[in-house]
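> Make a model of this:
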Amino acid sequence: MSDSEKPRVDPDGTIQLDGIDWEAPPQPAEGAEPPPGSVRKTPPPLPAFAQQPSLPARVAPSRPPPAPRSPAKTVAYVVMLVALIAAAIAAGRSVGSRSRRAPAAAPAVSTSPATAAGTATPSASSDSVLMVPTIEMK
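Numbering: from 1, shown residues only. Prediction:
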């Protein structure tokens, strides 16, 4: 059916629910025939490749189980894990202590006429504030 033969749907149309008889069985669409076997009560049979013979209760593994790990290897892994955690803790503490320390060199304050005219120098209480210079993009 081409696009020109299809009935146009009214975009402002509504479904009249009052006119539907809910007790009556649903009617098939006009011109549509139900496919044969659509009233089947059981599922269709499985294809041949999906049917498998019954397996015995216990199947022997195709490869032997892995050998148990030696105690020395287990101890070595535990020691490496503890060393890795200790290194991470030490690195975190190092970074944290550096961020709490005062900066090593404070910027020199110039005594230009503009500074003396009215711009205040940062006070000692604002030492913990990071001052980022303005960068102009051209």
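> This structure: helices as residue ranges?
With helices called from DSSP state H, the chain shows them at 71-100, 113-117.
> Dump these to JSON lines, plus mean pLDDT, distance to E5 and mean neighbour count.
For glycine as for every other residue, the C-beta is placed from the backbone atoms N, C-alpha and C. Output for those, formatted as JSON lines (pLDDT from 0 to 100; distance: least, Cβ to Cβ, whole Å; neighbours: other Cβ atoms under 10 Å):
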{"stretch": "helix 71-100", "mean pLDDT": "94", "distance to E5": "72", "mean neighbour count": "10"}
{"stretch": "helix 113-117", "mean pLDDT": "50", "distance to E5": "83", "mean neighbour count": "8"}
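> Distance to Q27 added to these, as a markdown table?
Listed next are the helices of the chain as a markdown table, based on distance: least, Cβ to Cβ, whole Å:
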| stretch | distance to Q27 |
| --- | --- |
| helix 71-100 | 71 |
| helix 113-117 | 91 |
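> looking at these, which is closest to W22?
When the helices of the chain are compared by Cβ to Cβ, helix 71-100 sits nearest W22, at 67.3 Å.
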